[in-house]
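Engineer: Need a 3D model of the following:
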Amino acid sequence: MQSTDRPETRLATRLAFLVGGFALACWAPLVPFAKARLGVDDGVLGMLLLCLGLGSVAAMLATGMLSARYGSKPIIITGGLGLALLLPTLAVASTPFTLGLALAAFGACLGSLDVAMNIHAVEVEKGADRPLMSGFHALFSIGGFIGSLLVTLLLSVKAGPLAATLLSSAVMVVAMIVAWPRLLRTVPAEDAPLFVMPRGFVLLLAALAAITFLVEGAILDWSALLLTTQDRVDASHGGLGYMLFAIAMTIGRLSGDAITARVGDRAVMLWGGVIAVAGFVVLLLSSTLCIMRRSKAPAPYGQVALAVFYAFPGLTV
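Structural biologist: Sure thing, here's the model as predicted:
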């Protein structure tokens, strides 16, 4: 039987994670533009942003059953291409209803891709004699950095949200085309149950995963607004916060496999959580932030402060 851990399967897995992080990060710089386009307050915007999470959770619940029946490959392809097709709609949706619908569909594609690519990654890692999962997740963070950087640069040169998303979608389509023939053709499990009620330790892991998603979602949805409404950066540079967060996530995930192999899972989870909490304390209570609110700091000092604010939570997400 041929091993699941081959260069082509590792490449396909990394591309899937890259596309997921890239697509998600492309949305972060667009949040201030969406708010201005719709003319809504923070309360309505918060409800709209919730649509992305609701669509994602709904799709995640269904994807496990679909993967057991059809394998992870078709779901990865469908989810990745769906993200590419839906991203431009987030830049042009002109009413709260259409944006909420687009966000829910975008979240559904993201959630299905997220579950399917992790199932695929587990299969690839099973054929290896070393940890690979943290490295795969690092590609999600690298995609986040590239996506937020690309959209921020395009917005900075006045390309406009629609043009920025169309170019980003083209990048995702190319990546999925490259990954398509290299993904594993898993055999559906005919005698396995389609759904198993989680229990015991799995529920604890699920709670920790939910907290992790909450942290990342908070930075994704609100970092650009925090920066732009406090007049620290122009709207076209609103993706800077998530970009710094993604850089820190990349550092943490690239080193995660080696650290886990050295100190163990429990220590990584414990101290990783402590560092993440400390990061939010720095973000919310730093005296530097207070100083920046009272008076505009020079640009270099502002960039350094923002890097500190967004790096700490990202190191362990």
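Engineer: quick one: average pLDDT of the helix of greatest length in the chain?
Structural biologist: Using DSSP state H to define each element, the chain has its longest helix at helix 96-126. Averaged over helix 96-126, pLDDT sits at 94.
Engineer: Does anything pack onto the next helix or strand after that helix? Which helices or strands?
Structural biologist: Once helix 96-126 ends, the next helix or strand along the chain (criterion: DSSP states H and E) is helix 133-156. Helices and strands touching helix 133-156, by 3 or more CB pairs under 8 Å, 6 or more residues apart in numbering; DSSP states H and E, are helix 7-27, helix 96-126, helix 161-179, helix 240-254, helix 256-263. C-beta: built from backbone N, CA, C; applies to glycine.
Engineer: which parts of the first one are buried?
Structural biologist: For helix 7-27, the buried set under the neighbour-count rule, 16 or more other CB atoms under 10 Å, comprises 9-10, 12-27.
Engineer: what angle sits between it and helix 240-254?
Structural biologist: 160 degrees (axes from the mean of the first three to the mean of the last three CA atoms, to 10 degrees).
Engineer: could I get helix 7-27 in CSV with only the CA atoms?
Structural biologist: Only the C-alpha atoms of helix 7-27 are listed here, as CSV (Å, rounded to 0.1, in the frame of the first residue of the first chain):
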residue,chain,number,x,y,z
PRO,A,7,5.9,15.2,-1.6
GLU,A,8,2.8,15.7,-3.8
THR,A,9,0.3,15.0,-1.0
ARG,A,10,2.2,17.3,1.4
LEU,A,11,2.2,20.0,-1.3
ALA,A,12,-1.6,19.6,-1.9
THR,A,13,-2.3,19.8,1.8
ARG,A,14,-0.1,22.9,2.2
LEU,A,15,-1.9,24.6,-0.7
ALA,A,16,-5.3,23.8,0.8
PHE,A,17,-4.2,25.4,4.2
LEU,A,18,-2.7,28.3,2.3
VAL,A,19,-5.9,29.0,0.4
GLY,A,20,-8.0,28.9,3.6
GLY,A,21,-5.8,31.4,5.4
PHE,A,22,-5.4,33.6,2.3
ALA,A,23,-9.2,33.8,1.7
LEU,A,24,-10.0,34.6,5.3
ALA,A,25,-7.3,37.3,5.5
CYS,A,26,-8.5,39.0,2.3
TRP,A,27,-11.8,39.8,4.1
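Engineer: tell me which residues of stretch 77-94 are tucked away?
Structural biologist: Buried positions in stretch 77-94, judged by neighbour count with 16+ other CB under 10 Å: 77-84, 86-91, 93.
Engineer: my bad, should have said stretch 151-167
Structural biologist: Per 16+ other CB under 10 Å, stretch 151-167 contains these buried residues: 151-152, 154-155, 159, 161, 164-166.
Engineer: I'd like the mean pLDDT over that stretch, please.
Structural biologist: 93.
Engineer: Using CSV, write down the CA coordinates of that stretch.
Structural biologist: Taking Å, rounded to 0.1, in the frame of the first residue of the first chain, the C-alpha atoms of stretch 151-167 are listed here in CSV:
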residue,chain,number,x,y,z
VAL,A,151,-5.2,43.3,-0.4
THR,A,152,-3.7,46.1,1.8
LEU,A,153,-1.1,46.9,-0.9
LEU,A,154,-3.8,46.9,-3.6
LEU,A,155,-6.0,49.2,-1.6
SER,A,156,-3.1,51.5,-0.8
VAL,A,157,-2.5,52.0,-4.5
LYS,A,158,-6.2,52.8,-5.0
ALA,A,159,-7.0,49.6,-6.8
GLY,A,160,-10.4,49.4,-5.1
PRO,A,161,-12.0,46.5,-3.1
LEU,A,162,-13.5,44.8,-6.2
ALA,A,163,-10.2,44.8,-8.2
ALA,A,164,-8.3,43.6,-5.1
THR,A,165,-10.7,40.7,-4.5
LEU,A,166,-10.7,39.7,-8.2
LEU,A,167,-7.0,39.4,-8.3
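Engineer: Ala164 and Gly279: what is the separation?
Structural biologist: Separation of Ala164 from Gly279 (CB to CB, to the nearest Å) stands at 29 Å.
Engineer: and the residue lying closest to Asp42 once chain neighbours are set aside, what is it in contact with?
Structural biologist: Spatially, and ignoring its direct neighbours in sequence, Asp42 is nearest to Leu225 (7.7 Å; CB to CB, 6 or more residues apart in numbering). By CB atoms under 8 Å, 6 or more residues apart in numbering, the contact list for Leu225 reads 31-32, 35, 42, 45, 238.
Engineer: cool, and Ala246?
Structural biologist: Ala246 sits next to 21, 25, 141-142, 144-145, 148, 314 when contact means CB under 8 Å, 6+ apart.
Engineer: Have a look at the residues you listed and tell me the least confident one.
Structural biologist: Among the contacts of Ala246, Gly314 has the lowest pLDDT, at 48.
Engineer: Can you tell me which of the buried residues of stretch 77-94 is nearest Gly264?
Structural biologist: The nearest member of the buried residues of stretch 77-94 to Gly264, counting by CB to CB, is Gly79 at 32.8 Å.
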